[in-house]
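J.: sequence first, then the predicted structure:
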Amino acid sequence: MSQQSRAVVIGGGIGGLTAAVALHLSGREVIVLEQARSLEPVGAGISLSPNALRALDVIGVGDQIRDLAAWQGDGGLRTPGGRRLTRTSAAAATERFGGPLVLLHRARLIRSLAALLPPEAVRTTCAAHLADAGDARRPARVTTPDGELEADLVVAADGIHSAARRALFPDHPGPVYSGFTTWRLVIPVPGVTFASHETWGRGSLWGTHPLKDGRVYAYAAAMTPAGGHAADDEKAELLRRFGDWHDPIPAVIGAARPEDVLRHDVHHIAEPLPAFHRGRVALLGDAAHAMPPTLGQGGNQAIEDAVVLAHHAADLAAYTAARLPRTTAVARQAVTAARLNMLPGRAGTAVRNTAIAALSKARPALLLRSFDGIADWRPPQPPYAAVQRERASGEDMQ
């Protein structure tokens with residue numbers, strides 16, 4: 001295969017691997033460069049909404065993920081004391097958006113994506129540096145510990161602190177602190193049964209969701225200064241902040257070991273980039289449009305990016321035109337949601353809860369409507385397997 005059909009992907013996360021698979025299926029030689037020793041991510045769950053699942057259908061793995069994942073069932077929003085503010089209906093969401101919302105461990109998704117690539121396509125423990133973005137007359141260049149690679153396309157999926165983004169847009173201010181930190185854990189909690197829920201307090205929230213393998217995925221967030229850490233350990237910090245919240249929250253925290261709890265400050269890109277490409281390089285996922293996790297769309301938008309990029313690989317301006325307005329709107333909505341979720345004052349929280357409960361009772365589909373235009377997105381191309389079958393059929397008829 002000629003050098004001109006090579007794509008180099010910097011970053012082996014969900015977005016980078018989805019892009020690699022889509023580009024591979026479209027006929028390109030693909031090389032994925034991941035600086036970590038393994039593609040296995042640190043343990044956490046990911047929620048996939050119908051928009052991302054339809055994008056995964058394009059590369060032929062959507063149904064497998066639906067089978068592996070837990071379909072999000074009926075649940076709702078609560079207060080720390082357990083009062084229910086809203087009820088959510090899995091059936092209503094599926095009907096409205098044409099598919100389910102599912103939850104699985106990130107590692108399971110990574111393994112499914114990596115299995116679609118030739119083994120030699122993925123290089124771990126391989127730090128990559130964008131040396132030259134290239135242009136219409138020359139390829140892009142990426143340096144690695146093993147030498148230099150040239151490519152007609154470089155996909156920069158190197159995360160929120162993307163070195164490629166800084167190289168392409170050195171005057172952009174980059175990510176800013178979102179004002180809160182998060183904790184995440186995936187653990188077994190024997191003897192505890194519950195429905196999926198999210199609970200909003202004052203300047204803090206908690207979510208608990210069952211996974212298909214019997215474990216529990218839980219996450220928490222709280223308004224804190226950037227860079228903070230517990231004086232003892234993060235399990236103790238969770239107990240201090242959430243230990244008196246409604247069941248099953250205390251039991252989930254109690255079942256965790258200190259080493260099970262991951263803590264990360266949240267950052268987002270407040271000022272949109274002028275473009276998602278320059279030369280022969282395209283930015284994808286958090287490198288392009290990092291957003292707070294309050295809509296659960298960070299990974300979903302990266303998956304969308306990946307299949308749209310493969311569709312427009314020969315015209316990166318079209319990729320920017322397709323993705324920049326959409327992801328900017330979703331990111332702004334996520335920031336707005338974070339402000340509502342994380343209201344710090346007692347009075348504001350009381351008003352918020354009263355309004356949500358009243359509106360939910362009067363208009364049960366209120367929360368679902370907030371995902372209109374997000375979860376109903378559809379990719380611009382049909383599944384690659386279908387394209388290949390059509391080509392084979394056409395050749396047989398000639």
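T.: Sure, I can see it.
J.: for the stretch 51-200 of the chain, which segments count as strands?
T.: With DSSP state E, counting those that start in this stretch, the ranges of strands along the stretch 51-200 of the chain come out as 70-71, 75-78, 84-88, 102-105, 122-123, 129-132, 140-144, 147-151, 153-156, 176-187, 197-200.
J.: winner for burial among these?
T.: Comparing those by mean neighbour count (mean count of other CB atoms under 10 Å), strand 153-156 comes out on top with a mean of 30. C-beta coordinates here come from the backbone N, C-alpha and C atoms, glycine included.
J.: please identify the pairing partners of that strand and their relative orientation?
T.: Pairing partners of strand 153-156, with direction, according to DSSP bridges: strand 6-10 (parallel), strand 281-283 (parallel).
J.: which helix is the longest one in the chain?
T.: Using DSSP state H, we find that the single longest helix of the chain is helix 316-341.
J.: list the buried residues in that helix.
T.: Neighbour-count burial for helix 316-341, counted by 16 or more other CB atoms under 10 Å, picks out 316, 318-320, 322-324, 326-327, 330-331, 333-335, 337-338, 341.
J.: in a strand, Ala288, correct?
T.: No - using DSSP: H, G, I helix; E, B strand; the rest coil, the secondary structure at Ala288 is helix, not a strand.
J.: burial count for it?
T.: Neighbours of Ala288 under the rule other CB atoms under 10 Å: 29.
J.: need the contact list for the spatially closest residue to it that is not a sequence neighbour.
T.: Closest residue to Ala288 apart from its sequence neighbours, by CB to CB, 6 or more residues apart in numbering: Phe276 at 4.9 Å. For Phe276, the contacting residues are 282-284, 288-289, 305, 316, 319-320, 323-324, by CB atoms under 8 Å, 6 or more residues apart in numbering.
J.: tell me how many other residues surround the nearest residue to Val58 once chain neighbours are set aside.
T.: Using CB to CB, 6+ apart and skipping the chain neighbours, the partner closest in space to Val58 is Val307 (4.6 Å). If you count neighbours by other CB under 10 Å, Val307 ends up with 28.
J.: do I have it right that Val307 meets Ala22?
T.: Yes - assessed by CB atoms under 8 Å, Val307 is found in contact with Ala22 at 5.1 Å.
J.: which residues do the two both contact?
T.: The contact lists of Val307 and Ala22 share 58-59, where a contact means CB under 8 Å, 6+ apart.
J.: show me what Ile10 is bridged to.
T.: Under the criterion used (DSSP bridges), Ile10 bridges to Leu33, Ala156.
J.: my read: it touches Ala157, true?
T.: Yes - taking CB under 8 Å as the definition, Ile10 is a contact partner of Ala157 at 6.3 Å.
J.: ok, those two, which is more surrounded?
T.: More crowded of Ile10 and Ala157, by other CB under 10 Å: Ala157, with 33 against 29.
J.: tell me the pLDDT at the more buried one?
T.: According to the prediction, Ala157 has pLDDT 98.
J.: so who does it touch?
T.: Ala157 neighbours (CB under 8 Å, 6+ apart): 9-11, 13, 15-16, 19, 284-285, 287, 302.
J.: now, the most widely separated pair of those residues?
T.: Ile10 and Ala302 (13.7 Å; CB to CB).
J.: quick one on the thing from earlier: what's the closest of the strands paired with strand 153-156 to Ala115?
T.: strand 6-10 (16.0 Å).
J.: check the offset of the following helix or strand past that closest one from the chain's centre.
T.: Using DSSP states H and E, the helix or strand that follows strand 6-10 in sequence is helix 14-25. Put simply, helix 14-25 sits 14 Å off its chain's centre (CA atoms, centre = their mean, to the nearest Å).
J.: tell me the angle of helix 14-25 relative to strand 6-10?
T.: Calculated by axes from the mean of the first three to the mean of the last three CA atoms, to 10 degrees, helix 14-25 forms an angle of 170 degrees with strand 6-10.
J.: now helix 14-25: average pLDDT?
T.: Helix 14-25 carries an average pLDDT of 98.
J.: ok, Val8 touching Thr143?
T.: No - using CB under 8 Å as the test, Val8 is too far from Thr143 to be in contact (10.8 Å).
J.: identify the contacts common to those two.
T.: Common contacts of Val8 and Thr143 (CB under 8 Å, 6+ apart): 128, 149.
J.: and His129, bridged to which residues?
T.: Counting by DSSP bridges, His129 is bridged to Thr143.
J.: confidence score at it?
T.: For His129, the model assigns a pLDDT of 97.
J.: Gly43 now?
T.: pLDDT, Gly43: 70.
J.: so what's it closest to, chain neighbours aside?
T.: Spatial nearest neighbour of Gly43, chain neighbours left out: Val186 (4.8 Å); criterion: CB to CB, 6+ apart.
J.: could you measure that neighbour against Tyr217, distance?
T.: Val186 sits at a distance of 5 Å from Tyr217 (criterion: CB to CB, to the nearest Å).
J.: ok, how many other residues are close to Pro382?
T.: Number of residues near Pro382 (other CB under 10 Å) recorded here: 11.
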